[in-house]
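A.B. asks: Show me how the following folds:
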Amino acid sequence: MPALPAILPATLPATLLALGLALAGPLAAPAGAAHPFYEDQLRRGRSALDRGEHAEAARALRLAAFGLLDDPPALAGCLVHLALARHGLGDAIGVRETVERVLALEERFGAYRAAALPAPLAASFSAVALEAVPAGRLAELEAFADLARRAVEEELEALAAGPRRERLEALLAEEPAEPRWALLLGRLELAAGRFPRAAELAGRVVAADPASQPGLCLRGLARAGAGDCAGAADDLAACEQARTDEAAAVTYLSCLDGLERWQEARDFAAALPPGLRASRRVARLERRAARNAPRAPAAGEQPAPADEAPPENTAPDGEPPDHVAAEDAAKLERARSLLAAARSAGDLDEAWALAHEVADRLPDSSAAQHLAAEIAYLSSRWAEAASYYRRGGEPARPEQLFYLAVALYEAGAPGEAAATLEKALPRLRRTPFVDGYVERILGAAGSE
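C.D. replies: Below you'll find the predicted structure:
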């Protein structure tokens, strides 16, 4: 809850004030200016509130409100001041009644917005309103919807990851078009390594607003974590965070590196702020891009021949091909397709059933073992993931080595996990999620 301005002391002796005539009569439609007496009472009440004389302010503002019944915007402004005065008196019942009256004026006439209160005054009233009535009541009115959502965000910050995820899922079900719930849940999923789900949530935000910076950045990082570097590069190219945050910049450069888009990587790194460009990880990727970027041929020089095409019949992860029967090859391909389309761990059940069936029947098939291991890792089946990776032989790709290290760590083998991770680190694309596990695995091994 934001702190209240100085005009609202946090604690004062509680004095319950009777509701005045200003809060008793029915609301009226706008008619004309108030009598000078009531205008004078309004001025007196505001001045007393500024001086911290809350009892005097409440008395004058109650009288003023009675004469403003024909002018809802002016009445709303008067009641806002009255709510602050009663808050200063510790009159919780009076505050709640006054806030409800302001909400009723807004609901019927749009009077709160029409009052166009100064920002500091509106902020003070917002803080008092959040104390006095449930956030759900405020969320019913457009003028207070953002305020209510900010209150929920503060509530979420106090929750552990599990309850926070459940709360966000419920909020998203209630307001599927509200981008902040999708973004907050997506960031939580990204931190937990649930990259397909994080990318799907960010995709909702981008679908509604293709220029959304938070949506593009989140989807880019999630796509990178899921191994979709082509999609990640498209998103991160438009993400300003990649130009100011080291982890995002390294993720983008790593994807460009993996796609062998050397010149793009070189140009991007060269345009980064000096402090970020001097980062050890950024500098290493920039040097690698500079070594590999094509050199423009000198005058009369013939361009170098293009690289030869990769050999055919290789496994998707670059491993030597296995001799797998057509039926089993079709099952593995189906499992890969399901893996690529998965948006949550629950979407992996069919892929897991297909992959581990073939892997158990063909223990000599490295590709089948590694596919089953990857799906097991993404399903948090740590022991199975470690077992299939071991049976398939140490994987060549750094991402797969990282998966094996995490599975070993979570399965209770921190020493073996650290040794595996050390092999992956020189070529591993670094993200906040990866860095978190690097710290935990190496730290656990060092403490043994």
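A.B. asks: State the next helix or strand along the chain beyond the host helix or strand of residue 405.
C.D. replies: Assignment of secondary structure by DSSP states H and E places residue 405 within helix 398-410. For helix 398-410, the following helix or strand on the C-terminal side (DSSP H and E) is helix 414-424.
A.B. asks: just checking, what packs against that next one?
C.D. replies: Here helix 414-424 touches helix 398-410, helix 432-446, going by 3 or more Cβ pairs under 8 Å, 6 or more residues apart in numbering; DSSP states H and E. Backbone N, C-alpha and C define where each C-beta goes, glycine included.
A.B. asks: Return the most buried member of those.
C.D. replies: Among the helices and strands packed on helix 414-424, ranked by average contacts under mean count of other Cβ atoms under 10 Å, first place goes to helix 398-410 (a mean of 23).
A.B. asks: Figure out how far that one is from the centre of its chain.
C.D. replies: A distance of 25 Å separates the centroid of the chain from that of helix 398-410, by Cα atoms, centre = their mean, to the nearest Å.
A.B. asks: Pull that helix out as CSV, backbone CA atoms only.
C.D. replies: Output in CSV follows, covering the C-alpha atoms of helix 398-410 (Å, rounded to 0.1, in the frame of the first residue of the first chain):
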residue,chain,number,x,y,z
PRO,A,398,25.1,-27.9,-24.8
GLU,A,399,21.3,-27.4,-24.2
GLN,A,400,21.0,-31.2,-23.8
LEU,A,401,24.0,-31.3,-21.5
PHE,A,402,22.3,-28.6,-19.4
TYR,A,403,19.1,-30.6,-19.2
LEU,A,404,21.1,-33.7,-18.1
ALA,A,405,22.9,-31.6,-15.4
VAL,A,406,19.6,-30.2,-14.0
ALA,A,407,18.1,-33.7,-14.0
LEU,A,408,21.1,-35.1,-12.1
TYR,A,409,21.0,-32.3,-9.6
GLU,A,410,17.2,-32.6,-9.0
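A.B. asks: Return the set of buried residues in stretch 229-243.
C.D. replies: The neighbour-count check on stretch 229-243 (16 or more other Cβ atoms under 10 Å) flags 229, 231, 232, 233, 235, 236, 239, 241, 242 as buried.
A.B. asks: quick one: contacts for the second one?
C.D. replies: By Cβ atoms under 8 Å, 6 or more residues apart in numbering, residue 231 lies in contact with 199, 219, 220, 223.
A.B. asks: Just the element for the second one, please.
C.D. replies: What that stands for is residue 219. With secondary structure defined by DSSP H and E, residue 219 is part of helix 213-225.
A.B. asks: Torsion angles phi and psi at residue 381?
C.D. replies: phi -90, psi 80 (degrees, to the nearest 10).
A.B. asks: For it, which non-adjacent residue is closest in space?
C.D. replies: Distance criterion Cβ to Cβ, 6 or more residues apart in numbering; nearest residue to residue 381, sequence neighbours excluded, is residue 352 at 7.7 Å.
A.B. asks: my guess is that neighbour meets residue 376, correct?
C.D. replies: Yes. Applying Cβ atoms under 8 Å, one finds residue 352 in contact with residue 376, separated by 6.9 Å.
A.B. asks: what about those two, which has more around it?
C.D. replies: Set residue 352 next to residue 376 and count neighbours by other Cβ atoms under 10 Å: residue 376 wins out with 25 against 21.
A.B. asks: just the helices in the stretch 1-150 of the chain please.
C.D. replies: With helices called from DSSP state H, counting those that start in this stretch, the stretch 1-150 of the chain shows them at 36-51, 54-66, 72-89, 92-109, 111-115, 119-132, 135-139, 142-157.
A.B. asks: Switch those over to JSON lines; also include distance to residue 339.
C.D. replies: Converted to JSON lines, the helices of the stretch 1-150 of the chain look like this (distance: least, Cβ to Cβ, whole Å):
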{"stretch": "helix 36-51", "distance to residue 339": "63"}
{"stretch": "helix 54-66", "distance to residue 339": "64"}
{"stretch": "helix 72-89", "distance to residue 339": "56"}
{"stretch": "helix 92-109", "distance to residue 339": "50"}
{"stretch": "helix 111-115", "distance to residue 339": "50"}
{"stretch": "helix 119-132", "distance to residue 339": "45"}
{"stretch": "helix 135-139", "distance to residue 339": "39"}
{"stretch": "helix 142-157", "distance to residue 339": "31"}
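A.B. asks: what about the helices and strands packed on helix 414-424, which gets the closest to residue 362?
C.D. replies: Across the helices and strands packed on helix 414-424, residue 362 has its closest neighbour in helix 398-410 (18.4 Å, Cβ to Cβ).
A.B. asks: tell me the angle of that closest one relative to helix 213-225?
C.D. replies: Orientation check (axes from the mean of the first three to the mean of the last three Cα atoms, to 10 degrees): helix 398-410 against helix 213-225 gives 90 degrees.
A.B. asks: Determine the number of other residues adjacent to residue 419.
C.D. replies: The burial count for residue 419: 14, using other Cβ under 10 Å.
A.B. asks: now the one 5 residues further on
C.D. replies: Neighbours of residue 424 under the rule other Cβ under 10 Å: 20.
A.B. asks: any idea how far residue 434 is from the nearest residue to it once chain neighbours are set aside?
C.D. replies: Computed as Cβ to Cβ, 6+ apart, the closest residue to residue 424 that is not its neighbour in sequence is residue 401, at 3.6 Å. Between residue 401 and residue 434 the computed distance is 12 Å (Cβ to Cβ, to the nearest Å).
A.B. asks: between the two, what contacts are shared?
C.D. replies: Common neighbours of residue 401 and residue 434, counting by Cβ under 8 Å, 6+ apart, are residue 428.
A.B. asks: returning to what we had before: mind checking which of the helices of the stretch 1-150 of the chain is nearest residue 331?
C.D. replies: Residue 331 lies closest to helix 142-157 among the helices of the stretch 1-150 of the chain, at 41.9 Å (Cβ to Cβ).
A.B. asks: per-residue confidence averaged over the closest one?
C.D. replies: On average, the pLDDT along helix 142-157 is 67.
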